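K.L.:
Structure of the sequence below:
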Amino acid sequence: MHHRRVDAQPLRVIIAEDSALIREGLARLITDSGGVVVAKVGDGPSFVAAVEAYRPDVSVVDVRMPPTQRDEGLRAAIEARRRVPGTPVLVLSQYVEREYATELLADRAGGVGYLLKDRVADIREFMDALRRVAKGGTALDPEVVAQLMVPRRHDDRLGALTPRERDVLAAMAEGRTNMGIAELLNISEGATEKHISNIFGKLQLPDSQSDHRRVLAVLAYLDS
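P.N.:
Okay, here's the model as predicted:
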């Protein structure tokens, strides 16, 4: 089982990106922010091998890598999480690709993120997302959330949520804290906590002593 990092330790990161320019840019960004890049690879098999060898705190993976430039990065991320259960992965993509995001998130284990590459332009936001994923949370781009939060016709659990509860759940998916949600939606923290409690109830999530229930709430709509 992958062990979550301790905040006092530098963030150990693997980068899987076939573009040398983007790969080196990400590496520079991470090291300048106090992290340590333990491996840089340009294809799926090398990424899976690196995860097994280095057991990083988190990996940054491009969805499309050689040889077909389709879904090799995603497949490698799924395989890496199969071989090293719980290994945190932050996927980068040029576009919102619902099928890819859904498949990555479907194991409900947490420690996953899906950001559009444009998001990397905001260095602080990107590093915050990387740290959240390393801790076992989620970091989903708002555009990804908007598409993934569409209820499925055979699953009415999300349909039971009020519009405000759906707003709160969307903010949770982006990785915001209760305080962050309250500020975003201009409501009190008490109201935020009440909405989250209602969400847990309507999604039929059992009590938990950890933040894992927040992750389950974000991913509950993936069940079918």
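
K.L.:
tell me the centre residue of the protein?
P.N.:
residue 113 (1.6 Å; C-alpha atoms, centre = their mean).

K.L.:
Surely that one is within a strand?
P.N.:
Yes: counting by DSSP: H, G, I helix; E, B strand; the rest coil, residue 113 is found in a strand.

K.L.:
which ones are touching the closest residue to residue 193 other than its chain neighbours?
P.N.:
Leaving aside its sequence neighbours, residue 193 sits nearest to residue 178 (C-beta to C-beta, 6 or more residues apart in numbering; 6.2 Å). Using the backbone N, CA and C atoms, a C-beta is placed for each residue, glycine as well. Contacts here follow C-beta atoms under 8 Å, 6 or more residues apart in numbering; on that basis residue 178 touches 189, 192-193, 196.

K.L.:
how does it look with 10 Å?
P.N.:
Residues near residue 178 by C-beta atoms under 10 Å, 6 or more residues apart in numbering: 168, 171-172, 189-190, 192-193, 195-196, 214.

K.L.:
what helix or strand does residue 61 sit in?
P.N.:
Taking DSSP states H and E as the definition, residue 61 sits inside strand 58-62.

K.L.:
which helices and strands does the helix or strand following that strand pack with?
P.N.:
Per DSSP H and E, the first helix or strand lying C-terminal to strand 58-62 is helix 72-83. Packing partners of helix 72-83 (3 or more C-beta pairs under 10 Å, 6 or more residues apart in numbering; DSSP states H and E): strand 12-16, helix 44-54, strand 58-62, strand 89-93, helix 98-105, strand 112-116.
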